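*Asks:* Got a predicted structure here, sequence first:
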Amino acid sequence: MEFIKKLVQTNQERGRASIQLTVENDVNLPDYEPDMIKLIDRKGMTRIQETKVEPDQIVVSGVLLFQALYKCAESGSICSLQGEVPFSETIHMEGVQETDQLVIQNNMEDLTLSMINSRKLNVRALIELVAADQMEQQIELPTGIEDTSVQTLYQQRKMLQLLTQKKDICRIHSEILLPSNRPNISRLLWQSVQLRGLDSRIRTGEIELGGELLVNILYKGEDDEKQIQCMETTVALHERIECSVCEPDTLFKLVPLQVQLEVTPTEDEDGENRVLMLEGTLDFYLRVWKEDELQVLEDAYSLQDELLLEREPVSLQSLLIKNDSKFKIADQISIENQPAEILQLCASVGEVFIEDSRIVPEGIEAEGILKVRMLYITASDDMPIGIAEGVIPFSRLIEAEGIRPEDTFELSAGIDQLTVILADNSQADIKAVVSLDTIVFRRQGTSLITGMSTQPVDLEQYEKQPGIAGYIVKAGDRLWDIAKEHHTTVADVVQMNQLGSEHVSRGDKLLIVKQMGTGA
């Protein structure tokens with residue numbers, strides 16, 4: 001007997017592993033830089049350069065990029081230093097194969113820069129690497145059978161079909177002009193580019209990315225190099241990602257893996273350093289699904305032969321909920337040991353970290369922190385630049401009606417807005433809008449019919465069954481099971497008992513007539 005089958009592609013996370021590593025190295029100042037007196041601020045990020053899969057392990061290579069701002073011996077001026085520290089680490093994951101779709105995410109949990117002497121820095125970072133093995137799987141769903149004499153039972157199943165999953169890069173390029181009241185750039189000391197309010201929308205053949213890039217720079221002007229200049233501006237993000245399978249009715253999940261953006265001073269048409277070139281990339285992982293309701297063959301039997309059904313267990317994935325929510329945070333952070341008056345706030349950098357998330361009866365409970373760092377200019381000639389930082393914890397319930405402990409979910413967080421206002425010389429008011437993007441999958445284990453064979457009916461057993469029988473419906477009975485057990489068809493039971501539908505209730509009395517080889 002031949003099946004009618006539909007090939008469906010799904011994906012599931014086959015394995016996940018994480019590792020914490022310490023990246024550390026000593027870095028010397030270039031010969032042309034003056035001696036260090038005191039460190040002021042530091043910034044860093046990791047860049048994954050290569051991922052190599054070996055039997056049961058993944059070798060991840062990358063670099064730690066760091067930036068240091070410090071007071072130097074040159075007339076008490078402010079200087080900066082950029083550098084990188086390479087690293088390579090092995091993540092053990094049993095069963096991983098070279099052809100698997102691996103997603104590597106990294107998180108810098110701590111960055112410390114320490115002066116060893118006036119010419120040498122120690123750079124030390126604690127980095128977490130998380131590897132997920134996203135396995136693609138093709139499933140043949142039995143959706144029918146060609147022999148019309150066979151009695152068939154179907155079930156409507158909602159499931160997600162994977163249309164594509166890929167890692168890709170979105171390249172970003174923009175120009176920023178200095179305001180007319182700002183001096184030309186002599187030397188760029190500090191830069192920060194933050195992606196905020198990332199929004200993605202699906203269109204036919206593409207995905208639109210929106211949001212904004214908040215750019216902060218600290219530089220020495222050509223007119224007076226001792227006077228530190230700072231500037232903040234925003235650049236609108238509007239990019240398109242090609243996606244041939246994307247349609248408005250498809251479901252997608254775009255996860256940023258790493259953002260690498262930097263600004264470089266360049267000359268304008270008059271040969272003056274008044275243009276900032278903003279360039280970089282957004283590395284992301286994209287999955288697109290189509291949600292279908294399919295008719296799947298659940299059971300079959302024949303009145304002429306005995307059918308032997310072969311089954312295999314599979315796990316089908318369906319969407320429970322996709323929840324994109326936002327919430328507000330309002331708190332204060334302390335500015336410690338600041339004797340001089342704060343004249344101007346230069347930059348405010350925020351990062352959101354989800355430290356724990358778990359399924360609870362009402363949905364998903366997420367706990368995390370908002371890290372805030374401020375860079376400001378003071379009235380002190382001895383130390384004109386200062387920093388303050390603080391950590392604000394939060395807890396949030398993400399509603400997901402009907403969620404079960406065995407369901408799986410993916411949660412990502414970002415900052416939509418961050419506002420820092422100086423209350424006085426010792427306190428700063430923090431207001432932020434945090435976005436939580438959640439998708440919940442339901443995994444349903446079932447057994448699919450994969451094969452069917454026949455053998456003659458056991459006549460001795462058949463003859464032991466009564467030709468006509470009365471049956472009282474029990475709780476949980478289906479008319480299909482009753483008809484199959486008594487060697488007849490659902491249609492005949494409905495007709496014999498003049499039922500209005502195939503639905504029966506506990507206590508109903510049925511008259512059943514056994515059939516043999518009559519077909520349906």
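*Replies:* Looks like it came in fine. Numbers count the residues shown, from 1 in each chain.

*Asks:* Give me the buried positions along the helix or strand encompassing residue 160.
*Replies:* Per DSSP states H and E, residue 160 falls inside strand 151-177. Residues of strand 151-177 classed as buried: 151-152, 157, 159-165, 170, 172, 174, 176 (neighbour count, 16 or more other C-beta atoms under 10 Å). (Glycine included, C-beta is placed from N, CA and C.)

*Asks:* swap in stretch 82-98?
*Replies:* 83-85, 87, 89, 91, 93, 96.

*Asks:* got it, and stretch 232-241?
*Replies:* Neighbour counts over stretch 232-241 (16+ other C-beta under 10 Å) mark 235, 237, 239, 241 as buried.

*Asks:* Mind checking which of those residues are in helices?
*Replies:* Using DSSP state H, no member of the buried residues of stretch 232-241 falls within helices.

*Asks:* and which of those residues is nearest to residue 314?
*Replies:* Residue 314 has its nearest neighbour among the buried residues of stretch 232-241 in residue 241, at 31.8 Å by C-beta to C-beta.

*Asks:* circling back: tell me which strands the strand holding residue 160 pairs with, and in which orientation.
*Replies:* When pairing is defined by DSSP bridges, strand 151-177 lines up against strand 273-301 (antiparallel).

*Asks:* what's the following helix or strand after the partner strand?
*Replies:* strand 305-334.

*Asks:* Work out the gap between that next one and the centre of the chain.
*Replies:* Computed by C-alpha atoms, centre = their mean, to the nearest Å, the chain-centroid distance of strand 305-334 equals 13 Å.

*Asks:* Given it, what are its sheet partners and their directions?
*Replies:* According to DSSP bridges, strand 305-334 forms sheet pairs with strand 427-456 (antiparallel).

*Asks:* Give me the mean pLDDT for the strand it pairs with.
*Replies:* Computed over strand 427-456, the mean pLDDT rounds to 91.

*Asks:* For it, buried residues please.
*Replies:* 428, 430, 432-442, 448-449, 452.

*Asks:* Look up how far residue 305 lies from residue 462.
*Replies:* Per C-beta to C-beta, to the nearest Å, residue 462 is found 12 Å from residue 305.

*Asks:* buried sites along the helix or strand that residue 102 is a member of?
*Replies:* Using DSSP H and E, residue 102 falls within strand 101-117. Neighbour-count burial for strand 101-117 flags 101-106, 111, 113 (criterion: 16+ other C-beta under 10 Å).

*Asks:* likewise stretch 302-315?
*Replies:* 302-305, 307, 314.

*Asks:* If we only consider those, which is nearest to residue 370?
*Replies:* residue 314 (41.8 Å).

*Asks:* remind me which residues of this structure are low pLDDT?
*Replies:* Within the chain, the stretches with pLDDT under 70 are 1, 75-76, 225-226, 516-520.

*Asks:* And the residue nearest the centre of it?
*Replies:* residue 255 (4.2 Å; C-alpha atoms, centre = their mean).

*Asks:* need the contact list for residue 4.
*Replies:* Counting by C-beta atoms under 8 Å, 6 or more residues apart in numbering, residue 4 touches 142-146.

*Asks:* Between those, identify the one with the most neighbours.
*Replies:* Counting neighbours by other C-beta atoms under 10 Å, residue 142 comes out on top of the contacts of residue 4 with 22 neighbours.

*Asks:* name the helices or strands packed onto the helix or strand following the strand holding residue 102?
*Replies:* Next along the chain after strand 101-117, taking DSSP H and E as the criterion, comes strand 120-145. Helices and strands touching strand 120-145, by 3 or more C-beta pairs under 8 Å, 6 or more residues apart in numbering; DSSP states H and E, are strand 3-28, strand 36-54, strand 57-72, strand 78-92, strand 101-117, strand 151-177, strand 273-301, strand 427-456.

*Asks:* quick revisit: any idea which of the buried residues of strand 427-456 is closest to residue 133?
*Replies:* Comparing the buried residues of strand 427-456 against residue 133 with C-beta to C-beta picks out residue 441 as the nearest, at 16.0 Å.

*Asks:* wait, doesn't that closest one sit right on residue 407?
*Replies:* Yes: counting by C-beta atoms under 8 Å, residue 441 touches residue 407, with 6.5 Å between them.

*Asks:* So for these two, which residues contact both of them?
*Replies:* Common contacts of residue 441 and residue 407 (C-beta under 8 Å, 6+ apart): residue 320.

*Asks:* Make CSV from the contacts of residue 4 and add distance to residue 58 to it.
*Replies:* What follows is the contacts of residue 4, written out as CSV (distance: C-beta to C-beta, whole Å):
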residue, distance to residue 58
142, 37
143, 38
144, 42
145, 44
146, 46
